[in-house]
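> prediction below, plus the sequence it came from.
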Amino acid sequence: MMAAAQSGDATAAKAAYARLTANRTPPVKSPLAALGATLQSGDTVAIRQAAEALQQARDGQISKSADPNAPPPPKPIPAAAYGSSQTDINVLA
């Protein structure tokens, strides 16, 4: 949806938005809802701006949620530690 909106492809962006919001309605004052309303207008410049605002909001949310004092997330366990099957557990690790 974002790629279509940012490129000005209103038809593809509308279709993607409809799929994204088929089972839920975004909060009224959210950047996603604003993009949906803008998609209805068909104004490609406004659609691009709304997509940029949504991206900025998403980027800001990610950086706000990251606690600079929090320890880094644990590293994934390599598949080799599981043995020959994903259901095996390596008790020696």
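On my side now, so go ahead. For clarity, every value in this text was computed on a predicted model and none was experimentally measured. Numbers count the residues shown, from 1 in each chain.

> against residue 27, how distant is residue 35?
12 Å (CB to CB, to the nearest Å). (Each C-beta comes from the backbone N, C-alpha and C, glycine too.)

> what's the least confident helix or strand in the chain by mean pLDDT packed up against?
None of the helices or strands of the chain scores lower by mean pLDDT, DSSP states H and E than helix 44-65, at a mean of 79. The contact analysis (3 or more CB pairs under 8 Å, 6 or more residues apart in numbering; DSSP states H and E) places helix 44-65 against helix 2-7, helix 10-20, helix 31-41.

> go through that helix and flag the buried ones.
Buried positions in helix 44-65, judged by neighbour count with 16 or more other CB atoms under 10 Å: 46, 47, 48, 49, 50, 51, 54.

> farthest-separated two in those residues?
Using CB to CB, the pair of the buried residues of helix 44-65 lying farthest apart is 46 and 54, separated by 12.5 Å.
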